[in-house]
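# Okay, predicted coordinates and the sequence, questions at the end:
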Amino acid sequence: MGHMKTILVPYGKELIPVEIEDGHLAAVLRSGVADYRPSKGAADLVRDSLEHPVGSPRLRELAVGKRRVTVIASDHTRPVPSRVMMPQMLAEIRAGNPDAEITILVATGLHRGTTREELVAKFGEEIVARERIVVHDCDDAANLVSLGTLPSGGNLIVNRLAVETDLLVSEGFIEPHFFAGFSGGRKSILPGIASRETVIYNHNAGFIASPKARTGVLDGNPIHADMLFAARAAKLAFVLNVVIDAAHEPIFSVAGNFEAAHREGCAFLVSKCQVNAVPADIAISSNGGYPLDQNIYQSVKGMTAAEATVKQGGVIVMFARAADGHGGESLYRTFRDEPDLERMTRTFLARPPEETAVDQWEAQILARVLRKAKVIFVSSCDDQIVRDMHMIPAHGAAEAMELAQKLVGKSDYTVTVVPDGVSVIVK
């Protein structure tokens, strides 16, 4: 036995020690965000960015003479520090026009509605009590209007409040995204406040299959191109975006033009969290622990980090507590009922974009991962569910590593570890 290296991997609300023999460890790929110390506190970072916007006048100048103002905010599924950001945005708008009629529009995309309790956790009691807040519903036809055709050919249909307003602005955060390249910026329109039909068209099989629809890629990404077009069509005039650390505290803030400011935020993130792939027989990853590893559906994100560094035909060991099970009935059934992943993929690609099934994109990406490597899924999930989804169940690190070595079937195997698969861009 060589000397053992212990690497801590997030799992639910804990960190699980994974032991790997020194001679086998090829690399540990981590984001530098954890080591970055901003020069000032969250509120000051946000204030600075609002005072020095990128490619845009200040928000207070844009607000002059604008009676109706809509501020798009992200929903309960995103750890955006809105309680720091929203009060400053509202103050800026009112500095330009004290009489502005402001509506906060919560961008749920295709998610369920945000509850009052979640709004209070997000904005604080004062804003919830005092401001007009509307939660977007992608299926509420009466409150959706058409803005023409996307570059992809889909109908661009968005929330009426984004169109029937004198000024449209948004807040959000920038993180790596496994097919839109990055979250934030233009994403508050599509998918944020778009109709179900529009979002589903944008997530079509042809786009998801594009080699440019990957973590950290904007140029040439067809999904991003649609999103940019949507933001332009909706006249999104100003954004405030932050980059956050593991404790969800802002470490960087940028404001201004939805494209230029977003690019600056993405460039900061790339400088901190882009890592080079180190190909290995076994790649270990996680979904960053709670709250992102609550089901298999969400865990596909973290698997794509391992996919980017595992050798063809290798083994991925994925850590996700997944206490809520599969997290998507249609995703689960797709895998349970189709043993042939090549055929599954062909079925998706043959579907016209407007017939894209809900969660098809997640199935398509999971199938892509599974066509490259076997996946050992370490979770508290029911073993049968994991097997039905073409993965190998395990319940601890030692059991998973033993399985992985058996599957690789050679003594000189190599291991690359990506402790938090959702926080890095593996190139």
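That came through fine.

# which residue sits closest to the residue positioned nearest the centre of the chain, ignoring its sequence neighbours?
Computing the C-alpha centroid of the chain and ranking residues by CA atoms, centre = their mean puts His177 first, at 4.4 Å. Nearest non-adjacent residue to His177, counting by CB to CB, 6 or more residues apart in numbering: Ser183, 4.8 Å away. Any C-beta I mention is one placed from the backbone N, CA and C, and that applies to glycine too.

# right, and that neighbour touches Thr215 too?
No - using CB atoms under 8 Å, Ser183 makes no contact with Thr215, being 10.8 Å away.

# what ranges of the chain fall below the confidence cut-off?
Regions of the chain meeting the criterion pLDDT under 70 cover residues 1.

# can you do 90?
1-2, 34-35, 76-79, 111-112, 245-248, 290-292, 358 (pLDDT under 90).

# who are the neighbours in contact with the residue nearest to His177?
Residues in contact with Ser183 (CB atoms under 8 Å, 6 or more residues apart in numbering) are Arg78, Gly172, Phe173, Ile174, Glu175, Pro176, His177.

# will you turn those into a markdown table that also has secondary structure?
As requested, the contacts of Ser183 are arranged in a markdown table below (DSSP: H, G, I helix; E, B strand; the rest coil):
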| residue | secondary structure |
| --- | --- |
| Arg78 | coil |
| Gly172 | strand |
| Phe173 | strand |
| Ile174 | coil |
| Glu175 | coil |
| Pro176 | strand |
| His177 | strand |
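
# picking that back up, any common contacting residues for Ser183 and Thr215?
Common neighbours of Ser183 and Thr215, using CB under 8 Å, 6+ apart, are Pro176, His177.

# List the contacts of Val239.
Neighbours of Val239 in contact, by CB under 8 Å, 6+ apart: 169-172, 184-185, 188, 255-258, 261-262.

# Restricted to buried residues, select these in PyMOL.
Here is the PyMOL command that selects only those of those that count as buried (16 or more other CB atoms under 10 Å):
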select buried, resi 169+170+171+172+184+185+188+255+256+257+258+261+262
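
# which among the contacts of Val239 gets closest to Lys272?
Gly184 (14.8 Å; CB to CB).

# quick one: that closest one and Asn241 touch, right?
Yes - here Gly184 reaches Asn241: they are 4.6 Å apart, a contact under CB under 8 Å.

# Which neighbours do those two have in common?
Counting by CB under 8 Å, 6+ apart, the shared contacts of Gly184 and Asn241 are Gly172, Phe173, Ile174, His262, Gly265.

# For the last one, give me its contacts.
Think Gly265. Taking CB under 8 Å, 6+ apart, one finds Ile174, Phe182, Gly184, Gly185, Asn241, Val242, Val243, Phe252, Val254 in contact with Gly265.

# Can you flag which of the residues you listed belong to strands?
Using DSSP state E, the subset of those located in strands is Phe182, Asn241, Val242, Val243, Phe252, Val254.

# Quick check: next helix or strand after the helix or strand harbouring Ile284?
Secondary-structure assignment from DSSP states H and E places Ile284 in strand 280-286. Next in sequence after strand 280-286, counting helices and strands by DSSP H and E, comes helix 296-307.

# What's the separation between Phe377 and Arg387?
In this view, Phe377 and Arg387 are 9 Å apart by CB to CB, to the nearest Å.

# Which one's more surrounded, the two?
A count of neighbours by other CB atoms under 10 Å puts Phe377 above the other of Phe377 and Arg387, at 26 against 14.

# contacting residues around the residue nearest to the more buried one when sequence neighbours are not counted?
Spatial nearest neighbour of Phe377, chain neighbours left out: Met391 (4.3 Å); criterion: CB to CB, 6+ apart. Met391 makes contacts with Met318, Leu370, Val375, Ile376, Phe377, as judged by CB under 8 Å, 6+ apart.

# Restricted to strands, list those residues.
Cross-referencing these against strands under DSSP E gives Met318, Val375, Ile376, Phe377.

# Redo these as a markdown table? Include distance to Pro98.
Converted to a markdown table, the ones in strands among the contacts of Met391 look like this (distance: CB to CB, whole Å):
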| residue | distance to Pro98 |
| --- | --- |
| Met318 | 52 |
| Val375 | 56 |
| Ile376 | 59 |
| Phe377 | 55 |
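
# Looking at neighbours, which among those is most surrounded?
Neighbour counts for those (other CB under 10 Å) peak at Met318, which has 29 neighbours.

# Next one: that residue from Glu362, what distance?
Counting by CB to CB, the gap from Met318 to Glu362 is 14 Å.

# try Leu349
According to CB to CB, Leu349 and Glu362 sit 15 Å apart.

# one step back: okay, the residue nearest to Phe377 and Gln360: tell me how far apart.
Taken as CB to CB, the span from Met391 to Gln360 is 19 Å.

# Let's have the contacts of Val239 in JSON lines, adding distance to Leu407.
What follows is those, written out as JSON lines (distance: CB to CB, whole Å):
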{"residue": "Val169", "distance to Leu407": "51"}
{"residue": "Ser170", "distance to Leu407": "46"}
{"residue": "Glu171", "distance to Leu407": "45"}
{"residue": "Gly172", "distance to Leu407": "40"}
{"residue": "Gly184", "distance to Leu407": "38"}
{"residue": "Gly185", "distance to Leu407": "41"}
{"residue": "Ser188", "distance to Leu407": "42"}
{"residue": "Ala255", "distance to Leu407": "49"}
{"residue": "Gly256", "distance to Leu407": "50"}
{"residue": "Asn257", "distance to Leu407": "49"}
{"residue": "Phe258", "distance to Leu407": "46"}
{"residue": "Ala261", "distance to Leu407": "46"}
{"residue": "His262", "distance to Leu407": "41"}
